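Q: Could you look at this predicted model? Sequence included:
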Amino acid sequence: MEYPSPGDQFGDRDSGGGVWRPMVAMDRNYRQQAAFDDSDPYGLEMAQQYEDDRPPAYNPEVIDLTDSPVRQSPARPPRPPRPAVPPRPGPPSAHTSVSTTQDVVTDLRPEEVRWFYETEDPGKKPQWEPFIGYDSLRIETKYRQVHFNRGSTPPEEKVDLIVVRGGVHEVCVATKHCYPIYWSGKPIKVLRGQWFHDGTWQPVEEDVALQLETEHLGQWRGQRVPLHSSPSKQHTVLNVRFRDSHVDWYSPSEVFLFSDSKTSRGIRFVGQKLGISKATASGTKLHRGYRYEAKMDDKPSDITHLVLVIHGIGQKMDTGRIIKCVADLRQAASKIQESHFPHLPDDQRVEFLPVEWRSKLTLDGGIVESITPDKIRGLREVLNASAMDIMYYMSPLYRNEITRCLQQELNRIYQEFCTRNPYFQPKGGKVSLLAHSLGSVITYDIMTGWSPIQQYDQYLSHEKTEHPDLVQVALGQEQLVSEVKRARQQLEELEKKLMTSSTYALSDRPPALRFDVENFFCLGSPLAVFLSLRGVRAQGVGTLEHIIPANLCKRLFNIFHPADPVAYRIEPLILRHYAGIQPQLIHNHSQSALPLYCDIKPVAFKNAKEQQLVDKGASAGQENGNGAGSGSSTPLEPMSPLHGAEMADGKKDQESTLVQGALSLWSKWSGRADAPKELQVLLEGELESGGPAVSFSNMDGLVDSTADPSLPELENRIDYVLREGRVESRYISAITSHTSYWVSRDVALFLLMHMYPPQAMRP
């Protein structure tokens, strides 16, 4: 059944007279010209021109309604209108719908129609999420242009796409699907909502809503909506039946949906025996028109900071997981922005875009799968799809393929973004990189241009210089070896001159990334251990020049959970004594005081026992929201000895059981009856301190920085650690913590605090 064309019945509200008028020729022309071409992709000029050039008001006939007979057959024509009566004074009735202000039944205006897109959560029923008013109005205008002016478009044919959802998706009204712009993914269903369920305001299925709208207009068009109506005291005026439900009209504003299941029919039968009305017993009220009118000013701000999110290992095992992770991060950041940044300027917004690089790789072409044994196949496939990525990257055969794929994908997304948002570069838009796990190592190598070949050359030069006696020269070949050394020295000098030449750097050696990196955020990153294996050592200077120069990245942040087994600290690779300084605690998003991180002083711990007390105090601070545990720059007070003794007595039996169980398991694996005493001491120390039974005061080169103010400090802190919960188990967290960053609002708050101006935060 085709939806009726609005034609001259499409009405607009006259702001002066408080009545409704039909759409005249000028209005129709603006509606028909509402296609969004390249010159006006967001429909701003169309909306402003329509508001400025509206014709004068026109008063139509207003029909009053007192009663109507019961109508069962949809084929029956509507009753002829009665003589006109003056419009009622006062505000319009709100019975037709929550959003509309009309008291005469006409076609729904574009502001009353709301478009939705489908959302799917694992284990839950799919739900419909409404588009913002700005997106819904533009989709509805395009829909009316395509279906009412051009005729029917084949469902498989795409028409002009409408950019929606903050500029990361686009909608086709012909196929009624939403497509991602910057990544590959399955299309998302969209729905045109006209009728809605009471309470949830979820839309009625589109084919059902289309029939409801046709029947409603056929019965009530041009008639006034009663100010007061009650379904319990009225008879059914109109009834429409579907396969497993039916809808009853008691008045234009009292429409109820009833299920025809046995349970619902039984409830209605019992209710009628008890004197309860049919609608009250089991009916669901339906509203015509959405509860909020769509407005053109309900739109997101322009993007001023773009964050490209790079995934780590395991993407092959769960293709598309990074897209879901970025959606979770985007949602967490949206909640934090609403609650913590009330003074944010209207012209600033951060957008997160996923960078999926693993699915485009071929690598070994399935050779590893063919050599995988069949026993415990499931576990082996998990390891092949996750941990194998590390081995691929360490292999000289596949490393270049991985880095080249990620580099091309980063540049492609950025160029596509700038093409679709031409304002970004002229307005000084910034770009940050957020990399997780192994992705941070690959991104670092792309930014710095690190290559294992260069390291191997350095190794050979070092060995020949430090151990010249190891180089054996055959008799009579001394002159040839001498010439090779001179040639190698000349080649090294030429390479240095070439690398320092600005002409070569600008022309023959284009940068790996075609944009400047503002911030480099690492989540659960093993970058530090990779750097240490490459020979990076502390230089005694509090800058990052020997790790990543400032011209490549302004700030480096290493964010990790304390129980993440993949994450390592970076600060000790810059200043050695920072191994004895606590990583900076990340603020809890629920705490009241949020000092700037640059104002927080470093806090040192002297041994592992004190570190454990600090961690426990931080957990308590997370719950209480005060003290140093909530982000204060004041060091934590150590736990009292009495309280510590009480806790130790309460856990003594449990810790003893854990130790004995671990020793018994070791005996079975090793085949020895008695476990070494050193192992028992190590396990007891692990349980007692929560970490290795090693004191920082016994480590060479480590001292308390607070005791020696002459020691250098970092220019900017790099290591930031999340807070542990009071009842959080570190052994369980070791499994879950590596993938917990995406949904953490503490992480979202940390990111926004370093990308939004400080004055935008709440006091």
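A: The structure has been received and is ready for your questions.
Q: pLDDT weak spots in the stretch 101-250 of the chain?
A: 101-102, 122, 149-159, 227-234 (pLDDT under 70).
Q: In the stretch 351-500 of the chain, what residue spans correspond to strands?
A: 430-436 (DSSP state E, counting those that start in this stretch).
Q: Give me the buried positions along stretch 205-218.
A: 208-218 (16 or more other CB atoms under 10 Å). To be clear about C-beta, it is placed using only N, CA and C from the backbone, and glycine gets the same treatment.
Q: tell me the contacts of residue 307?
A: Residue 307 makes contacts with 350-353, 431-434, 751, 755, as judged by CB atoms under 8 Å, 6 or more residues apart in numbering.
Q: Among those residues, which one lies nearest to residue 412?
A: When those are compared for distance to residue 412 (CB to CB), residue 353 wins out at 11.2 Å.
Q: Count the neighbours of that closest one for me.
A: By other CB atoms under 10 Å, the residues close to residue 353 number 23.
Q: Can you tell me how far it is from residue 142?
A: According to CB to CB, to the nearest Å, residue 353 and residue 142 sit 25 Å apart.
Q: re the thing from before, would you turn the contacts of residue 307 into a markdown table with distance to residue 723 and pLDDT?
A: Listed next are the contacts of residue 307 as a markdown table, based on distance: CB to CB, whole Å; pLDDT from 0 to 100:
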| residue | distance to residue 723 | pLDDT |
| --- | --- | --- |
| 350 | 23 | 97 |
| 351 | 27 | 97 |
| 352 | 23 | 97 |
| 353 | 28 | 97 |
| 431 | 29 | 97 |
| 432 | 23 | 98 |
| 433 | 25 | 98 |
| 434 | 20 | 98 |
| 751 | 16 | 97 |
| 755 | 21 | 96 |
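Q: Unless I misread the structure, residue 249 falls within a helix.
A: No - remark: residue 249 does not belong to a helix; assigned using DSSP: H, G, I helix; E, B strand; the rest coil, it is strand.
Q: who's the residue nearest to it when sequence neighbours are not counted bridged to?
A: Distance criterion CB to CB, 6 or more residues apart in numbering; nearest residue to residue 249, sequence neighbours excluded, is residue 238 at 3.8 Å. Taking DSSP bridges as the rule, residue 238 bridges to residue 71, residue 249.
Q: same deal with residue 117?
A: residue 129, residue 190.
Q: Next one: it from residue 177, what distance?
A: For residue 117 relative to residue 177 (CB to CB), the value is 9 Å.
Q: OK, contacts around residue 759?
A: Here residue 759 is in contact with residue 343 (CB under 8 Å, 6+ apart).
Q: doesn't it fall inside a helix?
A: Yes - counting by three-state DSSP, residue 759 falls inside a helix.
Q: Distance check, it against residue 341.
A: 10 Å.
Q: How about residue 215?
A: Distance from residue 215 to residue 341, by CB to CB: 48 Å.
Q: Now do the shared contacts for residue 117 and residue 177.
A: With CB under 8 Å, 6+ apart, residue 117 and residue 177 have common neighbours 188-190.
Q: Where neighbours are concerned, which of the residues you listed has the most?
A: residue 190 (23 neighbours).
Q: Any stretches of the stretch 651-763 of the chain with poor pLDDT?
A: 651-708, 726-728.
Q: quick revisit: could I get the contacts of residue 307 as JSON lines with distance to residue 577?
A: Supplementary listing: the contacts of residue 307 in JSON lines, determined by distance: CB to CB, whole Å:
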{"residue": "350", "distance to residue 577": "35"}
{"residue": "351", "distance to residue 577": "39"}
{"residue": "352", "distance to residue 577": "36"}
{"residue": "353", "distance to residue 577": "39"}
{"residue": "431", "distance to residue 577": "34"}
{"residue": "432", "distance to residue 577": "29"}
{"residue": "433", "distance to residue 577": "29"}
{"residue": "434", "distance to residue 577": "29"}
{"residue": "751", "distance to residue 577": "29"}
{"residue": "755", "distance to residue 577": "31"}
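Q: Kindly indicate which of those lies nearest residue 518.
A: For those, the nearest to residue 518 is residue 432 (5.0 Å; CB to CB).
Q: what about that closest one, neighbour count?
A: Using other CB under 10 Å, residue 432 has 23 neighbouring residues.
Q: gap between it and residue 395?
A: Applying CB to CB to residue 432 and residue 395 gives a distance of 30 Å.
Q: what's the answer for residue 147, then?
A: 56 Å.
Q: quick one, which of the two is more surrounded?
A: Per other CB under 10 Å, whichever of residue 147 and residue 395 has more neighbours is residue 147, with 17 against 13.
Q: The strand or helix carrying the more buried one packs against which elements?
A: Using DSSP states H and E, residue 147 maps to helix 133-148. Judged by 3 or more CB pairs under 8 Å, 6 or more residues apart in numbering; DSSP states H and E, helix 133-148 is in contact with helix 25-32, strand 114-119, strand 162-164, strand 188-193.
Q: Apply 7 Å and report the result again.
A: Using 3 or more CB pairs under 7 Å, 6 or more residues apart in numbering; DSSP states H and E as the contact test, the elements touching helix 133-148 are strand 114-119, strand 162-164.
Q: Which one of these lies nearest to residue 419?
A: Once the helices and strands packed on helix 133-148 are compared by CB to CB, strand 162-164 is nearest, at 12.1 Å.
Q: which element follows that closest one toward the C-terminus?
A: Immediately after strand 162-164, counting by DSSP H and E, sits strand 169-172.
Q: Tell me which strands that next one pairs with, and in which orientation.
A: Assessed with DSSP bridges, strand 169-172 is paired to strand 162-164 (antiparallel), strand 177-180 (antiparallel).
Q: Deepest-packed of those strands, please.
A: strand 162-164 (a mean of 21; mean count of other CB atoms under 10 Å).
Q: Touching it from outside, list them.
A: 36, 41, 131, 135, 138-139, 142, 170-171, 178 (CB atoms under 7 Å, 6 or more residues apart in numbering).
Q: got a list of what residue 197 touches?
A: 204, 284, 286 are the contacts of residue 197 under CB under 7 Å, 6+ apart.
Q: what about 8 Å?
A: 203-204, 257, 284-287.
Q: ok, of the shared contacts of residue 117 and residue 177, which one's closest to residue 603?
A: residue 188 (47.3 Å).
Q: Check the spacing between the closest residue to the closest one other than its chain neighbours and residue 302 real quick.
A: Counting by CB to CB, 6+ apart, residue 188 lies nearest to residue 178, which is 4.1 Å off, once chain neighbours are set aside. Separation of residue 178 from residue 302 (CB to CB) stands at 21 Å.
Q: what do you get for residue 360?
A: 30 Å.
Q: which one of these two has more residues nearby?
A: Per other CB under 10 Å, whichever of residue 360 and residue 302 has more neighbours is residue 302, with 16 against 12.
Q: right, and the secondary structure at the more buried one would be what?
A: On the basis of three-state DSSP, residue 302 is classed as coil.
Q: Could you pull up phi and psi at it?
A: phi -70, psi 150 (degrees, to the nearest 10).
Q: rewinding a little: of all the contacts of residue 307, which comes closest to residue 552?
A: residue 433 (10.9 Å).
Q: That closest one touches residue 443, doesn't it?
A: Yes - with contacts counted by CB atoms under 8 Å, residue 433 reaches residue 443, the gap being 5.8 Å.
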